[in-house]
Every structure is written in structure tokens, then in C-alpha cells.
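> Fold the following.
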Amino acid sequence: SKRIRMKFNPMDLWRENYTLKSIEVSPGTLKLKVNDEGISNFDILAETTDTTETSEMAIKLEEVEFEEFRFSYSNAAVDQKYVTNIHQLSLVGEFSSSKFTTSATGDLQIIAARSGQINLVSNKPAKLNIAVNVDKDAGTINIPLSTIYISELPFTFKGDIAEDNFHFQLKGKNIKIEDAANRLAMQETADVKKFNGSGRLLFDLNINGTNDPVQPVTVDCTFGINNGNLIEPETGIEVRNLQVDGVYSNRGGPSKEKLELKNMSFSTSGGPFKGNLTLSQFANPIFDGSADGAINLEVIHSLFQIPNIQTLTGQIDVHSDFIVQGNADENKVVHYQIKKLDGHVILSDVDLQLIDDKRVFENIAGRVYLRGDEAGIEDVNLRVLHSDFKLNGVFRNLTDYISSQGSLTADVNISSKHIDLSDLGTEEKEEIVLRERAFILPNDISGNMFVEVGSLKYDNHIFKDIIPHFLPSSCRLALPVINNSRMLKIFITHNII
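Below is the predicted model:
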């Protein structure tokens with residue numbers, strides 16, 4: 001800490017009665033660590049058995065205050081981490097007594113509360129005003145039922161700490177679903193849409209553990225929504241009859257860790273949707289689930305603000321069962337293997353624009369089917385500014401391709417009435433010219449591609465009835481400077497037919 005201030009009574013100092021009554025710490029940092037062998041860096045905080053006499057300074061603490069104090073605890077042995085920025089925390093009580101009750105009031109920012117791969121809380125403000133009962137003789141601490149606020153949402157909190165174990169409970173206190181959506185939705189900017197609605201968020205978190213640093217803390221959490229409704233008033237976007245039963249537990253160790261989302265269902269303007277998802281074995285995750293019904297993409301994007309996407313509208317109809325297995329290599333990079341994947345997705349009038357991308361992919365419609373290790377596209381139509389496309393084809397060897405273990409085999413037909421090449425780039429024309437007007441295809445795709453274009457515009461040149469057929473394996477499509485509008489030079493290195 002940069003500053004530790006101790007308060008004494010001046011008259012006591014005059015009488016050489018050194019009684020410490022208050023401590024103020026600001027700013028400061030406390031980092032408690034346990035390595036993967038269970039050895040901690042805070043043994044100095046343990047009670048000493050040294051009986052050597054020293055000069056006495058009476059400690060009759062009545063108040064301890066922290067300001068702008070950062071506290072962190074990490075335990076590599078059980079893969080847990082907790083980090084909190086304490087803006088202000090005041091502890092008041094008769095700390096020198098063997099039994100006392102202290103009041104704790106504070107304004108905090110919970111940076112991280114993570115157990116294994118699960119983030120319990122991340123970057124959320126919190127306020128507390130609780131009582132803490134301390135019995136030094138029995139070695140116990142009791143926190144009676146109190147109310148704390150996380151992101152301005154009320155939770156009841158209670159806990160007990162004994163010499164060899166502890167238990168805490170955090171439970172939602174009559175939380176309205178619209179408040180949870182507005183304050184806990186995954187929003188990264190201050191421009192947050194406000195939702196109206198009805199229904200309650202159910203949340204019950206229980207944490208149990210021992211004082212053995214190599215024994216993992218047991219976390220059990222049930223959560224859910226019953227008959228919820230959400231409305232975004234500006235656009236009228238509505239989610240009706242929202243239901244979900246959620247369970248998380250790491251009881252039994254990492255091999256038994258599981259997150260379940262059961263009986264998920266809701267209705268939007270597109271129709272009803274239902275699904276289930278189980279995530280287990282988090283180190284090598286297994287996703288086992290099903291999805292059946294209609295999803296309004298604008299609703300999903302409004303609620304969760306999907307990263308890197310500026311605009312997402314339209315509807316998809318999903319019917320799928322899947323099991324996907326992840327396997328981490330020695331560098332802890334997870335490679336995924338498709339164990340089961342059957343179903344199809346129907347896209348209807350989907351519009352998509354990425355952040356900082358001039359292109360708008362409009363009117364996307366068609367069918368995508370999933371069958372084991374292959375995916376197919378059937379009559380998928382879309383527009384990009386002035387250009388139109390129709391796609392049909394099959395992609396094979398999905399598992400190896402997704403996990404970067406092999407090439408994707410593609411047999412694709414692409415047809416277009418008109419393509420303007422300036423529509424397809426994310427960069428300005430001058431930047432493309434500097435890069436020799438090269439359009440790079442991925443070098444890990446093999447197969448056949450048949451392209452039929454009615455007209456193609458490049459700069460001020462227009463070319464008619466272009467029908468190139470090529471193998472896309474390790475190929476580069478380059479368009480050199482064209483001076484003759486009657487001639488289109490397309491160079492494809494490797495495998496030209």
C-alpha cells in the first residue's frame with residue numbers, strides 16, 4: 001500500500017498508552033497465491049507460536065477502512081481465481097474482543113470470480129452492507145442473511161466459516177427478468193437497449209469448501225426463467241413464454257463438472273423454439289444438444305450483442321441434433337471432432353454486416369443441411385451491395401477442417417447475374433491496387449468450383465458471360481491491370497481446367 005494511516009488518541013500517546021483504534025489503507029494491493037503444489041505465499045498471516053516477549057502496543061481496533069484497494073486470490077492447484085477492486089470498504093466493530101459483530105459496508109468492482117472454466121461473475125459492480133459475527137475462541141465466522149447488490153440487482157447472501165470448512169449461499173431476491181436482461185446482458189458499450197417485460201429470474205448459488213488449499217471448492221448453482229416475456233420498446237421486438245431450467249455443478253471433480261440448459265423454449269415473431277444443451281468435461285469439452293424451431297436473429301443480437309457484428313436481422317429455422325467433442329493438445333489448443341451432426345437450417349431474409357466492414361450481406365435465403373461430416377448448401381441466395389449470388393454445393397471433411405487438421409473438400413456451383421468486384425472487398429480500391437489486385441482463396445480447400453457470371457464489373461470495365469471452371473486447391477486468383485475492355489485475363493496458379 002502507498003499509505004497506511006493509524007489513528008491514536010493524543011492523550012493516550014501523552015500517557016504512553018499506545019492503543020491503536022483505527023487503520024486506513026489507501027490505495028493498495030493484496031495478492032494471495034497458491035501454486036500447483038498447494039504452497040501459498042501467505043503463511044506469514046498464520047498465527048505465530050513464538051512466545052518471545054516484545055514491547056506491547058495495545059490494539060483495540062474499532063474501525064478498518066480500505067480505499068482503492070485491489071484484492072486477488074489465485075489457486076493453481078484447483079484452478080480458481082478471484083479478483084476484486086475495492087473502491088471503498090469500511091469494517092466497524094470491537095475487533096479486540098473475543099466475540100464481536102462487525103458491520104461491513106462497501107462499494108466494489110468484481111473483476112473475476114472463476115472456478116475452473118466457469119466465470120461466476122465478471123466485471124460487475126457490487127454494493128454490500130452486511131453484519132459479520134466473529135467468535136475467536138471457537139474459530140468461527142458467521143454472516144447472517146443479508147442483502148447485497150450485484151449490477152444493482154438484489155441477492156440474499158449468507159455464510160459460515162469454521163476452522164476446517166466454509167459455506168456461502170448467494171440467491172436471487174425477486175429479480176425481474178427485464179432488470180436482468182438490461183443489467184447482465186453481454187453488452188460492451190453504453191448504448192444499451194432497455195427492455196420491458198415480466199417474469200422472474202431464479203438463481204441459487206451454493207459454495208462449499210475446506211481449508212485444504214489443494215481441495216477444490218464445490219460449486220452448485222441452479223438458475224432459470226419461468227414464463228418470462230421481454231419487449232424492446234423502440235422496435236417492438238418481443239420474446240414470449242421464455243422458459244429455461246439451468247444447472248451447474250463441479251461436484252465430484254473435473255470429470256463430473258457439468259452445465260445443463262434443459263427445457264429451453266421461447267416464441268418470437270418467427271414462431272416457437274425449443275432446445276436442450278449439456279456441456280461436460282470442460283478440459284476436453286463435450287457439447288450434446290438439440291435445437292428445434294424458429295429463431296429471430298434480431299432478437300438474439302439485441303439481447304446478446306454478438307461480437308464483431310453490427311447488424312443482424314432475419315430468421316432461421318433450425319432442426320438439429322449434435323454431439324461435438326473437444327480435445328486439447330499439449331499447447332492447450334482445443335481441436336473439435338463432430339461425433340454427431342444431423343439436421344438443417346433454413347435462412348429467410350437474413351441481413352448481416354460486420355463492424356468496420358462496408359459490405360452488407362442482404363436477403364440471404366436458402367437451406368443449409370448438416371449430415372455427419374459434411375454440410376450442404378441448397379439454393380442459397382444473397383446480395384452484396386450491387387452484386388448477387390446463388391450457391392449450391394457440398395463441403396466434406398468438416399471435422400478435420402474445423403480443428404485445422406486437414407483440408408476442406410468443396411464441390412460448389414456459384415452463379416450470378418452481375419458481380420461488381422468493388423463490392424467484395426473490405427478495403428479501399430487504392431489499398432487493393434498496392435497489393436497487386438490479388439484475391440486470395442484459402443489454401444486448405446480442395447475440390448471443384450464452377451462459376452457462371454452474366455456480367456462482371458471491374459473498375460470501368462464490364463465483361464459478359466464468364467464461365468471459369470477451376471480446382472480451388474492452393475490457388476490464387478489474380479486480376480492484373482486491364483487496359484482492354486474486351487479481354488478479361490484471369491490467372492489461377494495451379495490446377496486450371
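> and K136, how far is that from G197?
The gap separating K136 from G197 is 49 Å, by CB to CB, to the nearest Å. The way it works is simple: take the backbone N, C-alpha and C, and place the C-beta from them, glycine included.
> For burial, what's the neighbour tally of the closest residue in space to N363 that isn't next to it in sequence?
Spatial nearest neighbour of N363, excluding adjacent residues (CB to CB, 6 or more residues apart in numbering): R383 at 5.2 Å. Using other CB atoms under 10 Å, R383 is surrounded by 15 other residues.
> who does the helix or strand R383 falls within touch, helix- and strand-wise?
Using DSSP states H and E, R383 falls within strand 374-384. With contacts defined as 3 or more CB pairs under 8 Å, 6 or more residues apart in numbering; DSSP states H and E, strand 374-384 has these neighbours: strand 361-371, strand 387-396.
> quick one: which of those is nearest A131?
Among the helices and strands packed on strand 374-384, the nearest to A131 by CB to CB is strand 361-371 (55.6 Å).
> quick one: buried residues of the closest one?
By neighbour count on 16 or more other CB atoms under 10 Å, the buried set for strand 361-371 is F361, E362, I364, G366, V368, Y369, L370.
> ok, the residues you listed vs L201, which is closest?
Distances from L201 to the buried residues of strand 361-371, taken by CB to CB, are shortest for L370, at 32.9 Å.
> Please tell me I have it right and the closest one contacts K340.
No: in this structure L370 lies outside contact range of K340 using CB atoms under 8 Å: 10.0 Å.
> Residues that sit against both of the two, list them.
Residues touching both L370 and K340 by CB atoms under 8 Å, 6 or more residues apart in numbering: F322.
> rewinding a little: bridging residues for the residue nearest to N363?
Beta bridges link R383 to E362, D388, judged by DSSP bridges.
> re earlier: so can I have a markdown table of the helices and strands packed on strand 374-384 showing distance to T210 and mean pLDDT?
Formatted as a markdown table, the helices and strands packed on strand 374-384 follow (distance: least, CB to CB, whole Å; pLDDT from 0 to 100):
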| stretch | distance to T210 | mean pLDDT |
| --- | --- | --- |
| strand 361-371 | 46 | 93 |
| strand 387-396 | 51 | 92 |
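> Could you export the ones you listed as CSV, including distance to D245?
What follows is these, written out as CSV (distance: least, CB to CB, whole Å):
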stretch, distance to D245
strand 361-371, 26
strand 387-396, 35
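> Indicate which one of the ones you listed is closest to V78.
strand 361-371 (38.0 Å).
> packing partners for that closest one?
The contact analysis (3+ CB pairs under 8 Å, 6+ apart) places strand 361-371 against strand 309-328, strand 334-354, strand 374-384.
> one step back: now the two most distant members of the buried residues of strand 361-371.
E362 and L370 (24.3 Å).
> who touches G366 in this structure?
Taking CB under 8 Å, 6+ apart, we find G366 in contact with I346, L347, I377, E378, D379, V380, N381, L391.
> And the pLDDT for the fourth one?
The model reports E378 with a pLDDT of 95.
> Could you do the second one as well?
Confidence per residue is given as pLDDT, and for L347 that number is 94.
> Please name the residues that touch it.
Here L347 is in contact with G314, Q315, I316, I364, A365, G366, R367, V368, V380 (CB under 8 Å, 6+ apart).
> Turn the residues you listed into CSV, including distance to G270.
Formatted as CSV, the entries for the contacts of L347 read as follows, by distance: CB to CB, whole Å:
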residue, distance to G270
G314, 9
Q315, 4
I316, 8
I364, 15
A365, 14
G366, 16
R367, 16
V368, 17
V380, 19
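> Go through those and name the one nearest V34.
Each of these was checked against V34 using CB to CB; the closest is I316, at 46.1 Å.
> ok, that closest one - how many residues close by?
When neighbours are counted by other CB under 10 Å, I316 registers 20.
> residues contacting it?
A294, I295, L297, V345, I346, L347, S348, V350.
> The second one against S267, yeah?
No: here I295 lies out of contact with S267, judged by CB under 8 Å, at a distance of 10.6 Å.
> Give the pairing partners of the helix or strand hosting I143; include direction for each.
Using DSSP H and E, I143 maps to strand 140-150. Take DSSP bridges as the rule and strand 140-150 pairs in its sheet with strand 118-135 (antiparallel), strand 153-161 (antiparallel).
> How about the longest one, which residues are buried there?
Neighbour counts using 16+ other CB under 10 Å place L120, V121, K124, A126, K127, L128, I130, V132, V134 of strand 118-135 among the buried residues.
> which of those residues lies closest to E152?
Comparing the buried residues of strand 118-135 against E152 with CB to CB places K127 closest, at 8.1 Å.
> Could you find the closest non-adjacent residue to the closest one?
Y149 (4.5 Å).
> That neighbour pairs with what?
K127, P154.
> just checking, it touches I130?
No: using CB under 8 Å as the test, Y149 is too far from I130 to be in contact (11.4 Å).
> who's I207 bridged to?
For I207, the beta-bridge partners under DSSP bridges are F168, V219.
> C221 is in contact with that one, correct?
No: between I207 and C221 there is no contact under CB under 8 Å: 9.1 Å.
> how about H344, what does it touch?
Contacts of H344 (CB under 8 Å, 6+ apart): H319, S320, R367, V368, Y369, L370.
> What pLDDT is listed against the residue nearest to the fifth one when sequence neighbours are not counted?
Meaning Y369. Leaving aside its chain neighbours, Y369 sits nearest to H344 (4.2 Å; criterion: CB to CB, 6+ apart). With respect to pLDDT, H344 scores 94.
> Please name the bridge partners of H344.
H319, Y369.
> for S74, what are its contacts?
Counting by CB under 8 Å, 6+ apart, S74 has contacts K31, L32, K33, V34, Q80, K81, Y82.
> swap in H319?
Counting by CB under 8 Å, 6+ apart, H319 touches A291, D292, G293, G343, H344, V345.
> Now do the buried residues in stretch 213-229.
Quick answer for stretch 213-229 (16+ other CB under 10 Å): P213, P216, V217, T218, V219, C221, T222, F223, G224, I225, G228, N229.
> And stretch 370-381, by the same measure?
Applying 16+ other CB under 10 Å to stretch 370-381 flags L370, E374, A375, G376, I377, V380 as buried.
> any idea how far the last one is from N392?
Taking CB to CB as the criterion, V380 is separated from N392 by 7 Å.
> Could you do L279 as well?
Distance from L279 to N392, by CB to CB: 34 Å.
> what do you get for K171?
Distance of K171 to N392, computed by CB to CB: 53 Å.
> Would you convert the helices and strands packed on strand 361-371 into JSON lines that also reports distance to G106?
JSON lines is the format used below for the helices and strands packed on strand 361-371 (distance: least, CB to CB, whole Å):
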{"stretch": "strand 309-328", "distance to G106": "37"}
{"stretch": "strand 334-354", "distance to G106": "38"}
{"stretch": "strand 374-384", "distance to G106": "52"}
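> Ok, which of the ones you listed comes nearest I419?
The nearest among these, by CB to CB, is strand 374-384 at 8.8 Å.
> Name the surrounding residues that touch the closest one.
347, 359-369, 388-398, 412, 423-424.
> ok, 6 Å please
Here strand 374-384 makes contact (CB atoms under 6 Å, 6 or more residues apart in numbering) with 359, 361-369, 389-391, 393-396, 398, 423.
> With stretch 134-149 instead?
Residues outside stretch 134-149 that contact it (CB under 6 Å, 6+ apart): 98-100, 127-128, 130-133, 154-163.
> that older thread, closest one of the contacts of G366 to S115?
Nearest member of those to S115, counting by CB to CB, is L347, at 38.0 Å.
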